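> got a structure for you, letters missing:
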């Protein structure tokens, strides 16, 4: 369940309230005195599946994207009209469990950290991953994946494609490209330091290390794992 808080543009109050009345949506209206561009603030509860179609309809009624709109979780709503609204939009299928396009965009934005944090976390994860490979330690390699911030931009690019958000898509792709460059550079520098300081045997054959050899020649099972992880990540948001 969601509670929507929406600022009503000047001249659109009656149109928006009529739209909510036609949908039989309960709402509360308060006057807005903080901005001349808006005359009121309307609050109304919605089932998860109803957020996107209702907001789209309100945009058609005159609420542009510059309007102040907040969607938050609601624990409980006690209302007969709300139960009827839930039955209308929630049919027990996968579609009723999806979040709105607007919420999906906000989720994707939150997945990507600020650029300095992104670079630092990428460098740390690359160094840890390189050490784990040289130590032939699956646990350390998996730990480096937990540290790595690359999943955020990857999912952001997917979301940007689905909802046709060019800015989010370009930003996510840029982050991924820079992340790969930074990770390779950090791993190479760390490997050179390890070799020059004789931390690992100088006659070490990389192909003899199990964790490295597995990644030099991935098989179809590795592809299945990658695809499964990607699908799980998308469904999770």
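Received it, and whenever you're ready, just let me know what you need. All of these numbers come straight from a predicted model, not from anything done at the bench.
> doesn't residue 202 belong to a strand?
No. Secondary structure of residue 202 (DSSP: H, G, I helix; E, B strand; the rest coil): coil, not part of a strand.
> just list the residues touching the spatially most central residue of the chain, thanks.
With distances taken as CA atoms, centre = their mean, the residue of the chain nearest its centroid is residue 108 (2.6 Å). Counting by CB atoms under 8 Å, 6 or more residues apart in numbering, residue 108 makes contact with 155, 156, 159, 160, 168, 172, 237. (Glycine included, C-beta is placed from N, CA and C.)
> now swap in residue 170 and tell me
Contacts of residue 170 (CB under 8 Å, 6+ apart): residue 160.
> one more time with 10 Å
For residue 170, the contact set (CB atoms under 10 Å, 6 or more residues apart in numbering) comprises 157, 160.
> please apply the same query to residue 27.
4, 6, 16, 17, 20, 21, 42, 43, 44, 45.
> buried members of these into PyMOL, please.
In PyMOL syntax, the buried subset of the contacts of residue 27 is picked out as below (16 or more other CB atoms under 10 Å):
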select buried, resi 4+6+16+17+20+42+44+45
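> keep only those of the contacts of residue 27 that are in strands.
4, 6, 42, 43, 44, 45 (DSSP state E).
> for residue 87, see how far away residue 195 is.
As judged by CB to CB, to the nearest Å, residue 195 and residue 87 stand 66 Å apart.
> can you check residue 226 too?
On the measure of CB to CB, residue 226 and residue 87 end up 40 Å apart.
> quick one: low-confidence ranges for the protein?
For the chain, the stretches with pLDDT under 70 are 35, 65-66, 90-99, 237.
> for it, longest helix please?
Longest helix of the chain, by residue count under DSSP state H: helix 166-196.
> please identify the buried residues of that helix?
Of all the residues in helix 166-196, those buried under the rule 16+ other CB under 10 Å are 168-169, 171-173, 175-176, 179, 182-183, 186-187, 190-191.
> and after it, which helix or strand comes next?
Using DSSP states H and E, the helix or strand that follows helix 166-196 in sequence is helix 210-216.
> how far out from the middle of the chain is that next one?
Relative to the chain's own centre, helix 210-216 is displaced by 31 Å; criterion: CA atoms, centre = their mean, to the nearest Å.
> continuing past it, what's the next helix or strand?
That would be, after helix 210-216 and using DSSP H and E, helix 220-236.
> contact partners of that following helix?
Against helix 220-236 from outside (CB under 10 Å, 6+ apart): 94, 97-98, 107, 111, 145, 151-152, 154-155, 158-159, 162, 214-215, 218.
> quick one: distance of it to the chain centre.
Counting by CA atoms, centre = their mean, helix 220-236 comes out at 17 Å from the chain centroid.
> with stretch 58-78 instead?
Worked out by CA atoms, centre = their mean, stretch 58-78 lies 20 Å from the chain centre.
> now swap in stretch 117-134 and tell me
With CA atoms, centre = their mean, you get 22 Å for stretch 117-134.
> relative to residue 130, how far out is the residue of the chain most remote from its centre?
Largest separation from the mean C-alpha position in the chain: residue 203, at 44.6 Å (CA atoms, centre = their mean). From residue 203 over to residue 130 the distance is 19 Å, taken as CB to CB.
> and for residue 30?
Taking CB to CB, one finds residue 30 at 57 Å from residue 130.
> when the two are compared, which one has more neighbours?
Between residue 30 and residue 130, counted using other CB atoms under 10 Å, residue 130 has the larger neighbour count: 21 against 11.
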